[in-house]
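Participant: here is my input; please provide its structure:
(chains A and B)
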Amino acid sequence: MQLIPCPWCGERAEPEFVCGGEPVARPPLSVDDAGWADYLYLRTNTKGVHREVWCHAGGCGQWFVLTRDTVTHAVHGSAAP
Amino acid sequence: MTAIRLPAGGAIDRAAPIHFTWQGRRLTGYAGDTLASALLANGVRVVARSYRLHRPRGLWGAGAEEPNAVVDVTTDEGGGITAHDPNARATLVGLRPGLAARAVNAWPCLHFDATAAIDLLHPFLAAGFYYKTFFPPHWPFWERRIRAVAGLGRVREEADRRNFETRHAHCDVLVIGAGPAGLAAARAAAAAGLGVLLVDDNPEPGGSLQWRAGSVEGATGAAWAAAALDGAANVTWLANTTAFGAYDHGSFGLIERRDAAASGWARERLWLVRARHAVLATGAIERPLVFPDNDRPGVMSADAVLRYLRRWGVRAGRRVLVATTNDSAYEVAAALAEAGCEVVLADARPAAPAVAAAAAERGVHVRAGMVVCGTAGRMGVRTAELAPADAPDGPRERLAVDLVAVAGGWSPTVHLHCHAGGALRWDAARLAFLPTAAMPGMQLAGTVAGAWTLADCLADGHRAGVAAAHALGRSVAIAAPHAAAEPEAAPPRAVWQLGGLPGRQWVDFHNDVTTTEIRTAAAENYAAVEHLKRYTTLGMAADQGRTSNVNGIAVLAAETGRGIAETGTTRFRPPYTPVSFGALAGLRHGATFVPLRHLPAHDCHRAAGAEFRDYGGWNRPACYPRRGESTAQAIRREAAAVRAGVGLFDGSSLGKIEVDGADAVRFLDLMYFTPLAGLKPGRLRYAILLRETGIVFDDGIVGRLAPDRFLLSPSSSHTAGVLWLLEQWRQTEYPSLAVACHDVTAHWATLTLTGPKARAVLARLATDIDLTDAALPHMAMAAGRLEGVPCRLARASFTGEASYEVSVPAGYAAALWQRLREAGAGFGITPFGIEALSVLRAEKGYILIGADTDGTTMPADLGLPEPSAKRTAAFVGRRSLATPDARRPDRRQFVGLLPDDPAFVPAVGSHAVVREQDGKMRSIGWITTACHSPVLGRSIALGMIAGGRALAEAGATVELFHLGATSRAVVTRPCFVDPAGEKLHA
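Facilitator: Alright, predicted model coming up:
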């Protein structure tokens, strides 16, 4: 059970949070089918230091960006999006 | 009967006998016994049949390391609760009055197990036999037979009524293991003023000090351990507690075994601990020696023999062979000799070590350079054979013995270190895998860190406690506890197996894995340890490699011509010991599994005779059966009454999300598939919300309360999800918009009047809202007062009849219910539940998200128009509606179906099929809703069928298929009642 630093509430236990995965930039409507499919489904699946969006769903309800290591689970910090 | 209880000694209360049964036989133990020590004291040798080969097995160990003694235990928990544990380990079961224990995996009885004939088949049950032998089509035949004899223990049909609870705890320092190192660490951390949680799987602190010699600070080890934490108020001591897993960021899982009848409520407690720092002082576990027939009852861990002797006053045999590769067995041999045993000690090392002299003085016959190379005896050891360690196939010497105490060396209990991601290295001098370095936030203390003597363990424990304190910014003022230095131990000898001998040599008792299986696996190129483990089940299940890991790796290393270091070890994963499902579930079962929500007028519904069911987290009226009426009859009566007169429905659970702010309309236009920019204040619109994949996520009514204020009504079970989706997009994609979303579902109660007489009933209540069709037409809303109470009226309909959704503050729900029933009495007002509503909405073809739609349904599939080219908003999911998949011509479309047989209601999930040219059936879709329609007097259905709209236009008939039965139905447009919608405006 990880300790996740919410930028507003401080460190809280993982069950209070929901992980939204890797942040992806939304392409415009004019993007081609392959580009849209990449946006919907393709992620880097990074091994190592990784940026993710998390939501403190069981607390303040705010989304934020968390940087953590997917191998060691070390947390390197969080910030508002 | 060779094992006996000694007249004195041990931490048991001889004045408090406890009666229990084993295999139905009445036996007696004492307070302080475990089931294992009591069985041993009663001379019980065979406690189990092995998992795979049904070999008779006795006790090997005395604690968490026990691989053999898996037993079925029945206990009286008090309060009329009888508890069954189908696979408890006897060494961890505290003896209690009336406890009934039985062997598992033996039929018809333990001493004559008919299934033991399986052992004769062992050549065919070699490594990977599952994968080699049983293929289709024969597998289903064999599977039934294998399942019948496999497994340990039989789960009872009835629910486990024992109590379990979960505790969350935070501490500064968690010390795992209360042996000398753990106690020294806890003592140091406590002296620094830190809050310490000290846990151990034994009933009292001290660890090996309870049964090994040695003095600390001038007192006996046991006496020092008992007093070590006296006066330390900031130490919490958890006895009988096993730390079974180390998880992320200082979190640990502990399982506390409690005697429910004697002390408190819960049988077991799951502790979820968050520690700022942890000290692993988990000690070491003695390894078996691998030699032919080493699994015979009466072959025990030497350390466990000593523990039974000193801790419980049980002498496990009389004529004893102690076989060792290291110094630690000499104390065991000497203690047994003092207790009156004839003891021969075979030391595999060529020269007797320094400690041999003291043992010999006590009458132990020390035989240096000898190994045990075999045992005999039908249900337990009667003889054992010795051979020269350097020539195990050389001349043999037979000894008449009833106990073989083996000391195969020590494996540090590194499991928790590995759970945390820690690495191991092979220490060729100590013959053990040791941690390379402690993980962040952890200290390793004592034997697990390579400290092998009592003095070293105390010093290392103190060091670990000081280091934990330093890590938390504290210092320690006390000195380490002192023990006299011991003479240098002679190095151990590695004897991993005895080559060149006939007979099977067991490596893993729990999973019945022998050296032969490991050799076979290696020969078949399962030469990596992780492959070996999975192919042979070595170190799996309840054993978790505690006794078998290192020996198995050593045999594999020899077979593959590698060193042990090069071969490496499997990755240990939680749990260290089995944890019961009951403990993991805690209170989350039955009525306390999830909180169930009640409607604000719940008591009114109960008074009205409602039959309640759970719908998406809400406990709601399904229907209101009258006396003598069946559920189905009630549903038909209620649905018919709505069409003919007026019905009253509690829709309070329907979601209510308010979206406020200057940019509310812009935000909703970016979220919803349905355009909402043109919605006028006071009006409602049916709106669809998509996922970004273009799949329909929810539908509902959106009302505009004011230019900058909207009210959304998502499906009852979707409200949280819709709010979640809106919030996610608002925060992450559109943070600059001035808009706020909040869930006001619980603030308002909503009662719906629906039917041709709905307005007449409502008109009998005092209100300042104009109810005329001109002022409040279908799909309009108004706010005002009703009977003096703040009220919102919305004319939206899920029945196809003219409807008034009447919302008042939730506290007025019961009053409004009563008032509407009184006002409607003269109109035959009929309360109706969800089931009748489902019939009414099916008659109208109104979709139910998740029932009529699934994870592939797009708006066009439901017959909704494409977004207008003039609309520019890149609303959620818009781009996905233009993908090739969204434009596939054979997409399933929402249709109605009228079965040819009007009395036949097809099952939901029935497939619509077409016949291919070769006569095979191919599914073109399925039925999503089906029911009997009271107003039509026949069955109706809704479904998703490929090319369905064209079939409906053509009036085509399709074949339905369900569980082998076929029927036929005409495809229609998905609306069976009032397709023009005239009744809505009536």
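Participant: any idea how far the closest residue to residue B:499 other than its chain neighbours is from chain A?
Facilitator: Taking C-beta to C-beta, 6 or more residues apart in numbering or on different chains as the measure, residue B:499 lies nearest to residue B:392, with 6.9 Å between them; neighbours along the chain are not counted. (Each C-beta comes from the backbone N, C-alpha and C, glycine too.) As for residue B:392, its distance to chain A is 46 Å (criterion: C-beta to the nearest C-beta, to the nearest Å).
Participant: check residue B:361 too.
Facilitator: Counting by C-beta to the nearest C-beta, the separation of residue B:361 from chain A is 54 Å.
Participant: quick check: phi and psi at that residue.
Facilitator: Dihedral pair for residue B:361: phi -60, psi -30, per degrees, to the nearest 10.
Participant: residue of the stretch 551-700 of chain B with the smallest distance to chain A?
Facilitator: residue B:693 (6.1 Å; C-beta to the nearest C-beta).
Participant: shouldn't that residue be in contact with residue B:878?
Facilitator: No. Distance between residue B:693 and residue B:878: 11.2 Å, which falls outside the contact criterion (C-beta atoms under 8 Å).
Participant: show me where chain A has helices.
Facilitator: Using DSSP state H, the helices assigned to chain A run over residues A:33-41.
Participant: so what's the residue count around the residue nearest to residue B:499?
Facilitator: 24 (other C-beta atoms under 10 Å in any protein chain shown).
Participant: now swap in residue A:47 and tell me
Facilitator: 9.
Participant: looking at it now. What's its pLDDT?
Facilitator: At residue A:47, the model reports a pLDDT of 97.
Participant: distance of it from residue A:70?
Facilitator: Spatial separation of residue A:47 from residue A:70 under the definition C-beta to C-beta, to the nearest Å is 6 Å.
Participant: residue B:328 too?
Facilitator: Distance from residue B:328 to residue A:70, by C-beta to C-beta: 43 Å.
Participant: put the alpha carbons of stretch B:415-429 into PDB.
Facilitator: What follows is stretch B:415-429 as a C-alpha-only set of coordinates in PDB (Å, rounded to 0.1, in the frame of the first residue of the first chain):
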ATOM      1  CA  HIS B 415      11.000 -13.500   3.200                       C
ATOM      2  CA  LEU B 416       9.900 -10.000   4.400                       C
ATOM      3  CA  HIS B 417      13.200  -8.500   3.100                       C
ATOM      4  CA  CYS B 418      12.400 -10.000  -0.300                       C
ATOM      5  CA  HIS B 419       8.800  -8.900  -0.300                       C
ATOM      6  CA  ALA B 420      10.200  -5.400   0.000                       C
ATOM      7  CA  GLY B 421      12.300  -6.000  -3.100                       C
ATOM      8  CA  GLY B 422      15.500  -6.800  -1.300                       C
ATOM      9  CA  ALA B 423      18.300  -8.900  -2.900                       C
ATOM     10  CA  LEU B 424      20.100 -11.900  -1.500                       C
ATOM     11  CA  ARG B 425      23.600 -13.300  -1.700                       C
ATOM     12  CA  TRP B 426      24.900 -16.700  -1.000                       C
ATOM     13  CA  ASP B 427      27.200 -16.900   2.000                       C
ATOM     14  CA  ALA B 428      29.400 -19.900   1.400                       C
ATOM     15  CA  ALA B 429      30.800 -19.800   4.900                       C
END
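Participant: within the sheet, what are the partner strands of the helix or strand in which residue B:27 is found, with directions?
Facilitator: If you go by DSSP states H and E, residue B:27 is part of strand B:25-31. According to DSSP bridges, the neighbouring strands of strand B:25-31, each with its direction, are strand B:13-22 (antiparallel).
Participant: so for the strand it pairs with, what gets flagged as buried?
Facilitator: B:18, B:20, B:22 (16 or more other C-beta atoms under 10 Å in any protein chain shown).
Participant: all set now, cheers.
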